[in-house]
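[1] Structure of the sequence below:
(one chain, ligands or ions: 1)
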Amino acid sequence: MSNTCCCVNDTILNLSTKNLSKLPRNIARPNYARNTVTPGIVHLGLGAFCRAHLAVYTDDLLETGITDWGIIGVDPLSPAICEAIKPQDCLYSVFNRQSSGDQLRVIGSMLEALSLPNDLDRVVKTMIDPRIKIVTLTVTEKGYCQDASTGTLDENNHAIITDLSNPNIPSSVPGLLTRAIKLRREAGILPFTVLVCDNLPQNGVTARRIVIRFAELIDPELSRFISENISFPCTMVDRITPATTDDDRIAITKQFGIKDAWPVVCEPFRQWVIEDNFSNGRPSWENVGALLVDDVHPFELMKLRCLNGAHSTLAYLSVISDIETIAEAMGNTQLNDIIHHLWSQDLIPTLPPVPGTDVTAYTVALEERFLNPGVRHKTIQISSDGSQKLPSRLLEPAISRLRAGAQPRFIALAIAAWMRFTIGVTENKKSYIIADPLSARLKSIGQQYGHDAKLLANELFAINDIFPKELTDYNDFCNLVKCILNSLITKGVKETLTNYCNKSTCNK
Ligand code: CS2
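    Got it, this is the predicted structure:
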């Protein structure tokens, strides 16, 4: 890889169809005729993840000569990414960062970009186009409007209440899916498959339960139709993609001589395991590296717990102790040790056998991935939405260890770190934003009780949207969390970890 700017006549090229053939030679780009590709997928959620994952697999597929699986992207939250890539003919680049040299690849599988609520009519029309056979989703955990305590639809969610009273103008993901399914059915068009690509446990099963419940509340007959005719395969999706920064945009221009309004930065690794259960056909993603299986669950548990659980643990311990990125955190000897204990003692023992996978080797590879210095994955980014993430990443494995009679000491540490995080101020007295659907409640608890570990923990443990009663009934475990929290508040992360690892604190 060359670090010198390699532009045509020293001009910086904007990304566009017209400029594709003029791009510097070290940039990979679509070799297929984009104008022959027709849409087969509507994707909801235009963030970095889908553009570095689903769209890349699909781009690989289009390279094999297949033409009927282009993607129409929809941003359900904001027009920003859509507005950025539209002038580029929906082309964007994937900036793959690795020690052997950064690589840039322009992706062509996104044919069109729309956003909500501005383009609602067009989005719905597209979703009922008979050529669309799959609706894929990356809308984050909270996008599903799930009630964490029941695992089904959160009927008190504001967007759900609005959509139930006006289902023809949906604003939520369950509302939009239900609307499109209803219109397709009325028009006699075969239903699409709903392919969830978010980090939810049993993501397809969960989304199915939520959509069926939503439909039941407006039209029980439609709800029956969904349960009998629409498949919601489960998936395990993996690629580390930090939020794009201006520094990334500048680095791309400097290294590759092009200007991309909204590139995606990611690691080289990617993995996609998909349950092979599609009601209306599917692309042959298995030809481009995806694994199509009967049961995704073991893969999903391994990834949610070992990767995402370790991420969240590192994120909370790091934000409170002013460590900015996962690479720095994993490079810190103490934190590195903690993660190894977390994997070996508290998480790996909860996993069923994962076909074709040596889980210990998986964690060895994870360590390398976390240490990738090019991927500046901010700990504050990962700290977001803890109320949605903790249950599947750390609380479920904690319960599984407790049921087995073991004390998951390192999960207790992670929970205590999250509790300390709700105080909103680092050890160096810097404030940070607590981004979470429950942020108002978490902040008010953190501010009111942050001086007292017991009170703080009691208030947080009482949020049953996060902590199931089965977990909080384990008194010794809760007391352990309180003890660690007290140490984090009074002594800080470094001293707590030293004492905790040599068992001179909270070790009864
Ligand atoms: C991260 C994930 O932000 C987070 O919570 O743990 O986005 C993680 O990077 C991806 O799941 C990796 O596939």
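[2] how about whichever residue of the stretch 101-250 of the chain sits closest to the ligand, what does it touch?
    Scanning the stretch 101-250 of the chain for proximity to the ligand using C-beta to the nearest ligand atom identifies Asp238 as nearest, at 3.9 Å. C-beta here means a position set from N, CA and C on the backbone, and glycine is covered the same way. Under the criterion of C-beta atoms under 8 Å, 6 or more residues apart in numbering, the contact partners of Asp238 comprise Phe269, Arg270, Gln271, Trp272, Lys303, Leu307.
[3] what residues does the stretch 251-400 of the chain put near the ligand?
    Taking C-beta under 6 Å from any ligand atom as the criterion, the stretch 251-400 of the chain approaches the ligand at residues Leu307, Asn308, His311, Gln381, Ile382, Lys389.
[4] Need the max-distance pair from these.
    Largest separation among those by C-beta to C-beta: Leu307 and Gln381, giving 14.8 Å.
[5] Give me the neighbour count for Leu455.
    For Leu455, the neighbour count with other C-beta atoms under 10 Å is 14.
[6] That one and Gly446 touch, don't they?
    No: between Leu455 and Gly446 no contact is recorded; they are 11.1 Å apart, counting by C-beta atoms under 8 Å.
[7] among the residues of the stretch 251-400 of the chain next to the ligand, who's most crowded?
    Among those, Lys389 has the most neighbours (other C-beta under 10 Å), with 27 neighbours.
[8] Report the spatially nearest residue to that one, omitting neighbours in sequence.
    Nearest in space to Lys389, with sequence neighbours left out and distances taken as C-beta to C-beta, 6 or more residues apart in numbering, is Ser312 at 5.7 Å.
[9] C-terminal to the helix or strand hosting the one you found, what's the next element?
    Assessed by DSSP states H and E, Ser312 sits inside helix 310-320. Of the helices and strands lying after helix 310-320 in sequence (DSSP H and E), the nearest is helix 326-331.
[10] how about the nearest residue to the closest residue to the ligand within the stretch 351-500 of the chain, chain neighbours excluded?
    Ranked by C-beta to the nearest ligand atom, the top residue of the stretch 351-500 of the chain for proximity to the ligand is Ile382, at 4.2 Å. What sits nearest to Ile382 in space, not counting adjacent residues and going by C-beta to C-beta, 6+ apart, is Ala315, at 3.9 Å.
[11] Lys254 belongs to a helix?
    Yes: in this structure, Lys254 lies within a helix as judged by DSSP: H, G, I helix; E, B strand; the rest coil.
[12] mind checking how far it is from the ligand?
    Distance from Lys254 to the ligand, counting by C-beta to the nearest ligand atom, to the nearest Å: 26 Å.
[13] Now do that residue: how many residues are near it, please.
    Burial of Lys254, expressed as a neighbour count using other C-beta under 10 Å, amounts to 12.
[14] Off-centre distance for stretch 490-499?
    Its chain's C-alpha centre and that of stretch 490-499 lie 30 Å apart, by C-alpha atoms, centre = their mean, to the nearest Å.
[15] let me redo that: stretch 385-399
    With C-alpha atoms, centre = their mean as the basis, stretch 385-399 stands 14 Å off its chain's centre.
[16] quick one: contacts of that stretch?
    Stretch 385-399 is contacted from outside by 140-142, 148, 199-201, 304-305, 308-309, 311-313, 316, 346-347, 350, 408, 411-412, 414-415, 418, 421, 435-438, 442, 463, 465-468, 470-471, 477, using C-beta under 8 Å, 6+ apart.
[17] okay, now the domains of this protein?
    What automatic domain parsing lists as the domains of the chain is 8-293, 297-501.
[18] by contact count, what packs against the strand or helix carrying Phe477?
    Using DSSP H and E, Phe477 sits within helix 475-491. Of the remaining helices and strands, those touching helix 475-491 by 3 or more C-beta pairs under 8 Å, 6 or more residues apart in numbering; DSSP states H and E are helix 409-421, helix 453-461, helix 493-501.
[19] Can you point out the buried residues in it?
    The neighbour-count criterion (16 or more other C-beta atoms under 10 Å) identifies Phe477, Cys478, Leu480, Val481, Lys482, Cys483, Ile484, Leu485, Asn486, Ser487, Leu488, Ile489 as the buried residues of helix 475-491.
[20] residues in contact with the first one?
    Contacts were defined as C-beta under 8 Å, 6+ apart; by that measure Phe477 touches Ala398, Leu402, Gln407, Pro408, Ala412, Leu471.
[21] Specify which member of those residues is nearest to Leu177.
    Checking those against Leu177 by C-beta to C-beta gives Leu471 as the nearest, at 31.5 Å.
[22] Would you list the phi and psi of the closest one?
    Dihedral angles of Leu471 (phi, psi; degrees, to the nearest 10) stand at phi -70, psi -50.
[23] Just give me the neighbour total for it.
    Using other C-beta under 10 Å as the criterion, Leu471 is surrounded by 19 other residues.
[24] what residues are up against it?
    The neighbours of Leu471, taking C-beta under 8 Å, 6+ apart as the test, are Leu395, Ala398, Ile399, Leu402, Phe477.
[25] Next: Asp89.
    For Asp89, the set of contacting residues under the criterion of C-beta under 8 Å, 6+ apart consists of Leu15, Ser16, Thr17.
[26] The closest residue to the first one other than its chain neighbours: neighbouring residues, count only.
    For Leu15, the nearest residue in space outside its immediate sequence neighbours is Gln88; the separation is 4.1 Å by C-beta to C-beta, 6+ apart. Around Gln88 there are 22 other residues, counting by other C-beta under 10 Å.
[27] Now Gln88, what are its backbone angles?
    Summarising the backbone geometry of Gln88 under the convention degrees, to the nearest 10, its torsions are phi -100, psi 20.
[28] what about the stretch 401-508 of the chain, any weak spots by pLDDT?
    With pLDDT under 70 as the threshold, the stretch 401-508 of the chain has no low-confidence stretch at all.
[29] Quick one: the strands in this structure, in order.
    13-14, 27-28, 39-44, 70-75, 92-96, 103-107, 110-115, 134-137, 193-196, 235-238, 258-259, 264-266, 271-275, 291-293 (DSSP state E).
[30] What strands flank the last one, and is each parallel or antiparallel?
    Going back to what we said before, that points to strand 291-293. Looking at strand 291-293 with DSSP bridges, its paired strands and their directions are strand 271-275 (parallel).
[31] where's Ala329 relative to Ala412, distance?
    Using C-beta to C-beta, to the nearest Å, Ala329 is found at 19 Å from Ala412.
[32] Report pLDDT for Cys6.
    According to the predicted model, the pLDDT of Cys6 comes to 47.
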